[in-house]
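Asks: With the sequence up front, the predicted model follows.
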Amino acid sequence: MTSTPTSTVQLAHTFADELPELTLDWQAAELPAPELLVLNESLARQLGLDPAELRSPEGLGVLTGTRPPPGARPVAQLYAGHQFGSWNPRMGDGRALLLGDLTAPSGARFDLHLKGSGRTPFARGGDGYAAVGPMLREYVLSESMAALGIPTTRALAVVATGAVVRRERALPGAILVRVAAGHLRVGSVEYARATGDVALLRRVADHAIARHHPTAADAAHPYRALFEAVVAAQAQLIAQWMAVGFIHGVMNTDNMTLSGETIDYGPCAFLDAYDPTTWFSSIDELGRYAYGRQPAIAEWDLARLGEAMLPLLGDDPEVSDDLDTAVAWATGALTSFGALYRAARRARYLAKLGLPQAVTADETDPLIEQLLTLLKQGRVDFTGFFRALTAAASGDDAMLSGLGAPEVELQTWLGQWRRVGADSIDAAAMAAVNPVYIPRNHLVQEALDAATAGDLAPFTTLVDVLRDPFVERPGLDRYALPADADFAADFQTFCGT
Ligand code: AMP
Ligand code: MG
């Protein structure tokens with residue numbers, strides 16, 4: 001008798017051990033014909049995993065959750081959340097599982113998480129599955145964000161399941177294997193608070209501190225320090241989104257992490273023409289999550305976090321019924337979001353403009369706002385403009401014309417920019433922050449359509465291009481250009497993917 005080889009992947013179950021009330025032991029669904037579509041080999045190595053082993057039948061069993069490694073304990077996570085502003089007391093992983101966590105060779109701890117692994121008791125009306133297109137979409141978008149230097153969950157693999165998923169039409173099914181610093185969301189804290197169990201709320205906060213914001217443990221008031229740390233991390237994150245034109249699309253509180261990583265790439269997309277009122281998500285009827293509203297929405301979500309944490313935010317962290325003091329403190333702490341966001345945004349735009357960070361706000365704020373007004377007036381391609389400006393910083397203004405900005409105003413603005421920058425505009429620094437290649441909506445669509453029809457080549461090429469977004473390379477011109485106007489006018493993204 002031959003023994004069945006087992007995986008050498010070792011997974012702990014820290015979350016389930018520490019917060020069992022927020023988990024439900026669950027198993028991934030069996031799959032008719034799993035086939036590995038894409039494996040992120042460099043990420044696998046960073047995690048200390050062997051790509052060759054992950055490609056083996058045992059590895060595929062791990063990646064799909066159908067044969068978890070010995071000792072693993074997959075769970076569905078429970079959380080609540082505000083969806084489009086409305087309270088939902090019970091959401092949780094309807095089609096996802098936390099497979100476990102591991103410690104990478106760097107010493108950092110990561111969750112391995114599956115999306116599309118079958119129905120759980122939290123599936124409500126959903127079928128528990130996911131289609132190839134949307135899972136590859138999360139893969140390419142999240143990997144692009146990582147390459148842009150933006151905190152994000154990562155994508156380790158996409159496995160086709162061999163099953164058919166019914167959406168508007170029949171589609172091939174898939175599982176995404178996601179890697180994250182952690183999966184605690186604002187909605188996790190809201191869930192704990194809603195149970196009325198303050199001891200549980202405290203343990204959730206302790207877990208968040210230990211895992212994501214360890215310096216808060218040394219503060220005089222660790223829970224206040226935790227709240228401040230999450231506010232600061234989100235202010236930085238949203239400023240980074242805005243600086244590359246990223247529109248998340250569904251900033252519900254269950255899709256905001258405590259770690260400060262971008263999570264849940266459902267209906268997200270990048271701006272082409274600069275217009276703060278842009279949104280693409282078909283389910284966002286009122287544009288609640290439009291590009292320009294993201295900072296205000298983040299603050300709204302953080303207010304929900306503050307409310308959920310109130311029993312921990314009184315003067316004495318051990319006293320949970322000091323709510324008046326807690327409300328007063330949390331209200332004040334929340335106002336720091338605006339200042340932190342504005343400072344982070346200014347820093348990002350100064351970098352995009354090649355200006356030293358020391359230039360005074362009096363000089364630079366009007367410069368930034370006037371530029372954005374120009375871009376909006378001319379419906380100028382946001383990414384293309386800053387790359388053309390990078391060339392202009394080296395003396396080549398040619399790329400700037402024809403982008404749509406009103407010519408006279410643009411020349412005036414360029415004069416001001418050069419005056420403010422004096423001799424210190426740094427073209428090399430600009431090239432390091434203004435990407436050439438972002439996941440253009442039409443290119444993503446083209447790659448996913450081909451992959452759904454069985455051809456992964458355009459997807460693989462796109463992922464390769466986006467892995468190195470700041471270095472212009474020959475032969476890749478079409479990856480740097482926006483979609484034509486017809487495509488842009490009709491483009492929509494879909495949730496319920
Ligand atoms: P999302 O919009 O991806 O953040 O998902 C919101 C909630 O709906 C989460 O609780 C998901 O687990 C759940 N969900 C989304 N799609 C499905 C599906 N096809 N089957 C079951 N649950 C789903
Ligand atoms: Mg979600």
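Replies: Received the coordinates, thanks. Residues are numbered from 1 along each chain as shown. Ligands and ions are numbered 1, 2, ... in the order given.
Asks: use CA for all of it now, contacts and neighbours both
Replies: Noted.
Asks: Quick one: name the residues of the stretch 101-250 of the chain near ligand 1.
Replies: Proximity of the stretch 101-250 of the chain to ligand 1, by C-alpha under 6 Å from any ligand atom, involves residues R119, A123, G126, D127, G128, Y129, A130.
Asks: Is V319 within a helix or a strand, and which one?
Replies: Per DSSP states H and E, V319 falls between elements, in no helix or strand.
Asks: next helix or strand past the longest helix along the chain?
Replies: Longest among the helix segments of the chain by residue count, using DSSP state H, is helix 323-352. Beyond helix 323-352 on the C-terminal side, the first helix or strand identified by DSSP H and E is helix 361-377.
Asks: Quickly run through the sheet partners of the lengthiest strand in the chain, with directions.
Replies: Longest among the strand segments of the chain by residue count, using DSSP state E, is strand 154-166. Taking DSSP bridges as the criterion, strand 154-166 pairs within the sheet with strand 35-39 (antiparallel), strand 170-180 (antiparallel).
Asks: Sketch out the low-pLDDT regions of the protein for me.
Replies: When residues are selected by pLDDT under 70, those of the chain lie in 1-6, 495-497.
Asks: switch the cut-off to 50
Replies: Applying pLDDT under 50 to the chain flags the ranges 1-2.
Asks: Got the domain ranges for it?
Replies: Taking automatic domain parsing as the domain assignment, the ranges for the chain are 14-180, 186-344.
Asks: In TSV, list those along with mean neighbour count and distance to P439.
Replies: Formatted as TSV, the entries for the domains of the chain read as follows, by neighbours: other C-alpha atoms under 10 Å; distance: least, C-alpha to C-alpha, whole Å:
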stretch	mean neighbour count	distance to P439
domain 14-180	20	7
domain 186-344	20	7
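Asks: out of those, which comes closest to A351?
Replies: Across those, the minimum distance to A351, taken as C-alpha to C-alpha, is reached by domain 186-344, at 9.9 Å.
Asks: Just want the angle from the helix or strand containing L102 to strand 170-180.
Replies: Taking DSSP H and E as the criterion, the element that holds L102 is strand 96-103. Inter-element angle recorded for strand 96-103 and strand 170-180: 30 degrees (by axes from the mean of the first three to the mean of the last three C-alpha atoms, to 10 degrees).
Asks: one step back: how about the strands paired with strand 154-166, which one is nearest D25?
Replies: Closest approach to D25 among the strands paired with strand 154-166 (C-alpha to C-alpha): strand 170-180, 18.2 Å.
Asks: rewinding a little: can I get the strand holding L102 in PDB, CA atoms only?
Replies: What follows is strand 96-103, C-alpha atoms only, in PDB (Å, rounded to 0.1, in the frame of the first residue of the first chain):
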ATOM      1  CA  ALA A  96     -15.300  32.400   1.600                       C
ATOM      2  CA  LEU A  97     -13.200  30.600   4.200                       C
ATOM      3  CA  LEU A  98     -10.300  31.600   6.400                       C
ATOM      4  CA  LEU A  99      -8.000  28.600   5.700                       C
ATOM      5  CA  GLY A 100      -5.600  29.600   8.400                       C
ATOM      6  CA  ASP A 101      -2.500  31.700   9.000                       C
ATOM      7  CA  LEU A 102       1.200  31.300   8.600                       C
ATOM      8  CA  THR A 103       4.400  33.000   9.500                       C
END
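Asks: which helices and strands does the next helix or strand after that strand pack with?
Replies: Scanning forward in sequence from strand 96-103 by DSSP H and E, the next helix or strand is strand 109-115. In this structure, strand 109-115 makes packing contacts with strand 96-103, strand 170-180, judged by 3 or more C-alpha pairs under 8 Å, 6 or more residues apart in numbering; DSSP states H and E.
Asks: again, only this time at 10 Å
Replies: When contacts are defined as 3 or more C-alpha pairs under 10 Å, 6 or more residues apart in numbering; DSSP states H and E, strand 109-115 sits against helix 57-63, strand 75-77, strand 96-103, strand 154-166, strand 170-180, helix 198-212.
Asks: the strands in the stretch 351-497 of the chain, which residues?
Replies: Taking DSSP state E, counting those that start in this stretch as the criterion, the stretch 351-497 of the chain carries no strands.
Asks: Spit out the contact partners of the nearest residue to A210 once chain neighbours are set aside.
Replies: Closest residue to A210 in three dimensions, ignoring its sequence neighbours and counting by C-alpha to C-alpha, 6 or more residues apart in numbering: A217, at 7.4 Å. Residues touching A217, when contacts are defined by C-alpha atoms under 10 Å, 6 or more residues apart in numbering, comprise D206, I209, A210, Y223, A225, L226.
Asks: coming back round to it: of the residues of the stretch 101-250 of the chain next to ligand 1, which pair is most distant in space?
Replies: Within those, two members stand farthest from each other by C-alpha to C-alpha: A123 and A130, at 12.3 Å.
Asks: which residues do the two both contact?
Replies: Shared contacts of A123 and A130 (C-alpha under 10 Å, 6+ apart): R95, A96.
Asks: follow-up on the earlier one: for the residues of the stretch 101-250 of the chain next to ligand 1, could you give me TSV that also reports secondary structure?
Replies: Conversion of these to TSV gives the following (DSSP: H, G, I helix; E, B strand; the rest coil):
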residue	secondary structure
R119	coil
A123	coil
G126	coil
D127	coil
G128	coil
Y129	coil
A130	coil
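Asks: Output stretch 339-350 in CSV with nothing but the alpha carbons.
Replies: Once side chains and other backbone atoms are set aside, the C-alpha atoms of stretch 339-350 remain, and they are given as CSV (Å, rounded to 0.1, in the frame of the first residue of the first chain):
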residue,chain,number,x,y,z
ALA,A,339,-6.3,66.7,8.9
LEU,A,340,-4.4,63.5,8.5
TYR,A,341,-6.0,62.8,5.1
ARG,A,342,-5.3,66.4,3.8
ALA,A,343,-1.7,66.2,4.9
ALA,A,344,-1.3,62.8,3.3
ARG,A,345,-3.0,64.0,0.1
ARG,A,346,-0.8,67.1,-0.1
ALA,A,347,2.3,64.9,0.4
ARG,A,348,1.2,62.6,-2.5
TYR,A,349,0.4,65.5,-4.8
LEU,A,350,3.7,67.3,-4.1
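Asks: next one: that stretch to chain centre, how far?
Replies: For stretch 339-350, the distance from its own C-alpha centre to the chain's C-alpha centre is 19 Å (C-alpha atoms, centre = their mean, to the nearest Å).
Asks: How about residues contacting it?
Replies: Identification of contacts with stretch 339-350 by C-alpha under 10 Å, 6+ apart yields 231-244, 295, 299, 336-338, 351-359, 361, 364-365, 367-368, 425, 430, 433-434.
Asks: now with 7 Å?
Replies: Outside stretch 339-350, the residues that touch it by C-alpha atoms under 7 Å, 6 or more residues apart in numbering are A232, A235, Q236, A239, A243, P356, Q357.
Asks: repeat for stretch 72-85
Replies: Residues beyond stretch 72-85 that count as contacts (C-alpha under 7 Å, 6+ apart) turn out to be 11-13, 22-27, 87-93, 96-100, 187-188, 190-191, 252-254.
Asks: and what of stretch 153-173?
Replies: Contact with stretch 153-173 is made by 31-40, 43-44, 129-132, 135-136, 139, 142-143, 174-180, 261-263, 452, as judged by C-alpha under 7 Å, 6+ apart.
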